[in-house]
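*Asks:* Provided below are the primary sequence and the corresponding predicted coordinates.
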Amino acid sequence: MYRISIRIILLLIVLLCCRGHGYANRIRVCAQCQYTSVKAAIAAAGAHDTVFILKGIYRENDIPISKPVVILGEKGAVIDAENKEGIFLVAADSVTISGLTLNNIGRSHTKDLAGIKTLRVKEFLFENNTFNNPFFAFHIQKSKRGIIRNNVIHGNAINEFDSGNGIHMWHCSNIEVTDNKVDHMRDGIYFEFVKHSKVSGNVSRENIRYGLHFMFSNNDEYSHNLFEHNGAGVAVMFSKYIFMRYNTFRLNWGTASYGLLLKEIYDAEIKHNTFEGNTIGINADGSTRINVEENDFINNGWAVKFLGACYSNKFLRNNFIGNAFEIAYKGSLNSNIFDKNFWGEYTGYDLDKDDYGDVPYRPVKLFSYVVNKTPETIVLLRSLFVDIINFSEKVSPIFTPDALKDEHPRMKKMKW
């Protein structure tokens, strides 16, 4: 009898331990369910339970999550904050939120209201959600080891001062931001003091400031993203060890716009990207030891613009095609290297048939120098006068940097 009792007690202990995982409860939310409120259902749920929200509109805001739960929405499940406050306030580890539509987040000049907001959490998954008219869609603070995946964010930002960002992260690490679509926010994606994180497969377009904004964030990678029709494509500032690969920066056009801004960046790699139709492809200021390799610069105003204090950068095996100006340069060369690039305007020859021009190419035109000094002269861009002064400077360089040249220009466009 004693042995049987011990066995029963041990079995009960095992069942109770398993309840939090394999035997978690599933709580339904709907107009006819026991729980008609999302907030009430989450409050009633136990650790690791699933809250399943059925189709319908739930007019709620400021929903706290203080335990590890899974929140799933049926297609057509909408939570509407009615422009009052934020929606989910996540303060627990291991929370999943998926399949919901979150509408009409409130706006504030003193609080960062968001559809999903976290503080000091880890191991989270936010995926397959849609945000309409958010102030911030995601506001992630001091959190780590999370995934933000396959969400759609539609904002209606008009001015920078009264709008928020799509995916905003501050003091975070080891976050994956993948396959999201963001439009009409202030910044599509914003990183500040974020490290060891990845941004991949996202589409960030028609945001009023930046498609992606990096500040004081090291050891991060972004790849296979599209940044299109933003106030400016991407700004990477005061950061190091950033890897930028297979991105497209396209049609970021305006008087102060660019595909990619590098400001005080060190030890970075820019490889296999496409810069097409931007006012400036890459705008570099105070950037050092950047490897720019195997990129396409196509039909930009300026392909690359150096503003100063740029040291030991390498531009290797890139295609420069159809740009109004290929390189604009201020200051001394500072050991920057241009080698083995294809220049669409190169007219040299290749007598030894090794696919490299026998005559070096100088990518800085005199007219580019003139426009830097006097921007209004841009109206003369296609004139015969400009062709004459560019040719004269090419024959006998005086104003343009004599040492800035590609000793081995490619004769044919390269394919990667």
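*Replies:* Received it, and whenever you're ready, just let me know what you need. Numbering: from 1, shown residues only.
*Asks:* alpha carbons only for contacts and neighbour counts from here, please
*Replies:* Fine.
*Asks:* Any regions of the stretch 251-400 of the chain where pLDDT drops low?
*Replies:* Applying pLDDT under 70 to the predicted model, the residue ranges of the stretch 251-400 of the chain that meet it are 331-333, 366-400.
*Asks:* try 80 this time
*Replies:* 256, 330-334, 365-400 (pLDDT under 80).
*Asks:* any chance you could map the strands in it?
*Replies:* In the stretch 251-400 of the chain, the segments counted as strands under DSSP state E, counting those that start in this stretch are 260-271, 274-276, 280-285, 288-293, 296-298, 302-306, 314-316, 319-321, 325-329, 337-339, 342-343.
*Asks:* can you redo those strands as TSV with mean neighbour count?
*Replies:* Putting the strands of the stretch 251-400 of the chain into TSV (neighbours: other C-alpha atoms under 10 Å) gives the following:
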stretch	mean neighbour count
strand 260-271	21
strand 274-276	25
strand 280-285	26
strand 288-293	20
strand 296-298	25
strand 302-306	23
strand 314-316	19
strand 319-321	22
strand 325-329	22
strand 337-339	19
strand 342-343	24
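*Asks:* In TSV: those, plus distance to residue 186.
*Replies:* Listed next are those as TSV, based on distance: least, C-alpha to C-alpha, whole Å:
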stretch	distance to residue 186
strand 260-271	17
strand 274-276	22
strand 280-285	20
strand 288-293	28
strand 296-298	26
strand 302-306	25
strand 314-316	32
strand 319-321	31
strand 325-329	29
strand 337-339	35
strand 342-343	36
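*Asks:* closest to residue 201 out of those strands?
*Replies:* Comparison of these against residue 201 by C-alpha to C-alpha identifies strand 274-276 as nearest, at 14.5 Å.
*Asks:* Any regions of the stretch 1-150 of the chain where pLDDT drops low?
*Replies:* When the per-residue scores of the stretch 1-150 of the chain are filtered using pLDDT under 80, the ranges that remain are 1-24.
*Asks:* Helices along that one, start to end?
*Replies:* Remark: helices assigned in the stretch 1-150 of the chain by DSSP state H, counting those that start in this stretch are 2-18, 38-44.
*Asks:* Pull out the buried residues from the last one.
*Replies:* Buried positions in helix 38-44, judged by neighbour count with 16 or more other C-alpha atoms under 10 Å: 38-39, 41-42.
*Asks:* And stretch 115-132, by the same measure?
*Replies:* 115-119, 121-132.
*Asks:* Equivalent analysis for stretch 66-79, please.
*Replies:* 67-73, 77-79.
*Asks:* between those residues, which is nearest residue 90?
*Replies:* Of all those, the one sitting nearest residue 90 is residue 67; the distance, using C-alpha to C-alpha, is 8.6 Å.
*Asks:* Could I get the contacting residues of that closest one?
*Replies:* For residue 67, the contact set (C-alpha atoms under 8 Å, 6 or more residues apart in numbering) comprises 46-48, 91-93, 95.
*Asks:* Show me which of those residues are buried.
*Replies:* Here, 16+ other C-alpha under 10 Å leaves 46-48, 91-93, 95 buried among the contacts of residue 67.
*Asks:* Reformat these as JSON lines; add distance to residue 336.
*Replies:* Formatted as JSON lines, the entries for these read as follows, by distance: C-alpha to C-alpha, whole Å:
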{"residue": "46", "distance to residue 336": "60"}
{"residue": "47", "distance to residue 336": "57"}
{"residue": "48", "distance to residue 336": "55"}
{"residue": "91", "distance to residue 336": "48"}
{"residue": "92", "distance to residue 336": "49"}
{"residue": "93", "distance to residue 336": "47"}
{"residue": "95", "distance to residue 336": "48"}
